[in-house]
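In: next come a sequence and a model predicted from it.
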Amino acid sequence: MLIAQGLVDENKMGIIGWSNGAILGTGLIVHTNRYKAASLGAGDVNWISDYANCAFGVSFDNYYFGGPPWDNLDHYIKKSPLFQLKKVTTPTLIFHGTKDRNVPYEQGWQYYRALQIIGKAPVRFISFPNAGHGPRELGHIRRKLNEEVRWFEKYLLKNHEEKNESLKKGSPLDKLETYLKIGKVNGLYGVEKNSVLIPEVVEYQKKMIGRFEVTRAQWAAFDSDYKFEKGTENYPVTGITFEKAKQYVEWLNQKTGESYRLPKKDEVKTFYSSRSGNTFDYWAGYTLSPEDYKNLLKELKKYGDKPVLLKPVGSFKVAGNDPVFDLGGNAAEWVEEEEGKGKACGGSAERSNDTQSEVKPQSQYTGFRVIKEKKATKEHEGHEEDKK
């Protein structure tokens, strides 16, 4: 009637039901395929097994079915959707609580298993641990709503972007795509420009910035007298003064014909808002108090002035799939202040995670990364001409 009146789009009909609503909803998808998606929770499909397990006792089934199943088996089978689920083509989302006694939990498993084995309708079964005849915990309620939204977006509205729920955000597997995109030349981090190994830049917080700190191998392309231990080519170059870092950038511009510079303090302050990854806390194995930090520095001094705590660039991510590495640790990084002076920012391997600490990074743990200026668009160039 509603379809005939033009009030309902017959191609976009779904159904949601719980308890008796799920029983009615199951009856509908058994007898018609007009529904494009169904969400049904805590509904019976097999009245024979319900007779033995329902908390209501035998009175419920005796009343509705005129006696026990052994006296009226054909009637029980006829009224049990389980024996007609071969007809179902509607994608069905099933919910059930493990402690449900009104509609026994095993009803949900029978429902799911039948649709799964028959294979004519997509099916998903969500079980709520220790829940009775309906979700009461906030986490269960949120899960139900999120699952329903995804199910109806996918099968009714056809606008769902499929995501693998088993893939944990920020896990090594989640980061794999980012790692595979990293630029390398003969095993050395970076990209080649005019036969020179230079830093790879990526977009991060609207800036084109070095994916890594400038490496020893990249620095050696600029300074032919620079010596480093074999096998540490991909470590960050450190012990570099601010002035030498600026000279490197000038050389980089000459070699590439592009515009590189050092980061400015005010534009990258959010980059260094936390310390994590390769910091002294990482080496200590716990969160250091100021006293712990001072005591452990004595251990570090046994190794002299060599930066023995450094790791290869790329050892620690920022977060999730962000394309930039090591902002919170490994080597501190030179940035340019308003007066044109340099300041070392960010975490470093020989300092604690405490961002309130005023301990300055040591020279042998200070390096830098570069920023590449984006090319102006024609529209932007026009505005610049207007300003002139």
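Out: Here it is on my side, so go on. Residues are numbered from 1 along each chain as shown.
In: who touches residue 167 in this structure?
Out: 173-174 (Cβ atoms under 8 Å, 6 or more residues apart in numbering). Quick note: C-beta positions are derived from backbone N, CA and C, even for glycine.
In: count the neighbours of residue 260 for me.
Out: The tally of other residues near residue 260 (other Cβ atoms under 10 Å) stands at 21.
In: so what's it bridging to?
Out: residue 372 (DSSP bridges).
In: these two touch, right, it and residue 249?
Out: Yes - between residue 260 and residue 249 there is a contact at 5.1 Å, judged by Cβ atoms under 8 Å.
In: what touches both of these two?
Out: Counting by Cβ under 8 Å, 6+ apart, the contacts common to residue 260 and residue 249 are residue 370.
In: just the pLDDT at the residue positioned nearest the centre of the chain, thanks.
Out: Geometric centre of the chain, nearest residue: residue 169, 2.5 Å, by Cα atoms, centre = their mean. Residue 169 carries a pLDDT value of 73.
In: please apply the same query to residue 343.
Out: For residue 343, the model assigns a pLDDT of 93.
In: what residues sit buried inside the strand or helix carrying it?
Out: Secondary structure assignment for residue 343, by DSSP states H and E: strand 342-345. Burial within strand 342-345, assessed by neighbour count using 16 or more other Cβ atoms under 10 Å, is assigned to 342, 344-345.
In: do the same with stretch 45-59
Out: 45-51, 54.
In: ok so, going back, so what does the strand holding residue 343 touch, helix or strand wise?
Out: The elements that strand 342-345 packs onto, with contact taken as 3 or more Cβ pairs under 8 Å, 6 or more residues apart in numbering; DSSP states H and E, are helix 242-256, strand 332-336.
In: which of these is buried the deepest?
Out: strand 332-336 (a mean of 25; mean count of other Cβ atoms under 10 Å).
In: tell me the spacing between the closest residue in space to residue 365 that isn't next to it in sequence and residue 134.
Out: In this structure, residue 365 finds its nearest non-sequential neighbour in residue 348, 4.3 Å apart by Cβ to Cβ, 6 or more residues apart in numbering. Distance, residue 348 to residue 134, using Cβ to Cβ, to the nearest Å: 54 Å.
In: hmm, back to that, what is the burial count for the residue nearest to residue 365?
Out: Other residues lying near residue 348 total 32 when counted by other Cβ under 10 Å.
In: sheet partners, orientation included, of the strand holding residue 343?
Out: Partners of strand 342-345, by DSSP bridges, with direction: strand 332-336 (antiparallel).
In: next, the angle helix 242-256 makes with the strand it pairs with.
Out: The directions of strand 332-336 and helix 242-256 differ by 80 degrees, with axes from the mean of the first three to the mean of the last three Cα atoms, to 10 degrees as the criterion.
In: name the residues that touch strand 332-336?
Out: Contacts of strand 332-336 (Cβ under 8 Å, 6+ apart): 213, 240, 242, 245, 261-265, 268, 272, 342-348, 351, 361, 365-369.
In: so residue 361 versus residue 240, what's the distance?
Out: For residue 361, the distance to residue 240 (Cβ to Cβ) stands at 12 Å.
In: also residue 342?
Out: From residue 342 to residue 240 the distance is 10 Å (Cβ to Cβ).
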